[in-house]
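Undergrad: Below is the sequence, then the predicted model.
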Amino acid sequence: MTETKSETQPPKIEFPCERYPIKVIGDAGEGFSDTVVEVIRRHAPDFDETTLVSRDSRNGRFLSVQVLITAISVDQLQAIHVDLRATGRVHMVL
């Protein structure tokens, strides 16, 4: 069986993409959610903070913060990822 092109490449995102989820995982601690919001706002000024959902890990060491944005380009998503990692508090961006 041969693979088709659509089976070997991830699906393309059509921009603008409303309600695009970004999940950020980092060390739990004072101001982590605020740091995430600050970075997201820098790249998505129309971000609605009411979409933010945060969850502590089982042992409370990590915190995951998920937000929904209107993604407008691959460049925007890459810039968000780079800036989040540059905070030094973020372990993973999904």
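TA: Yep, that arrived. Keep in mind that this is a model prediction, so the values were computed, not measured.
Undergrad: Just list whatever residues bridge to the residue nearest in space to the middle of the chain.
TA: The structure's the chain has its C-alpha centroid closest to Ile22; by Cα atoms, centre = their mean the separation is 2.5 Å. Beta bridges link Ile22 to Val67 when assigned by DSSP bridges.
Undergrad: and the gap between it and Gly60?
TA: 22 Å (Cβ to Cβ, to the nearest Å). Just so you know, the C-beta spots here come from the backbone N, C-alpha and C atoms, and that holds for glycine as well.
Undergrad: what's Ala79 in contact with, if anything?
TA: By Cβ atoms under 8 Å, 6 or more residues apart in numbering, the residues touching Ala79 are His43.
Undergrad: quick one: buried residues of the helix or strand containing it?
TA: Using DSSP states H and E, Ala79 falls within helix 74-86. Buried residues in helix 74-86, counted by 16 or more other Cβ atoms under 10 Å: 76-77, 80-81, 83-85.
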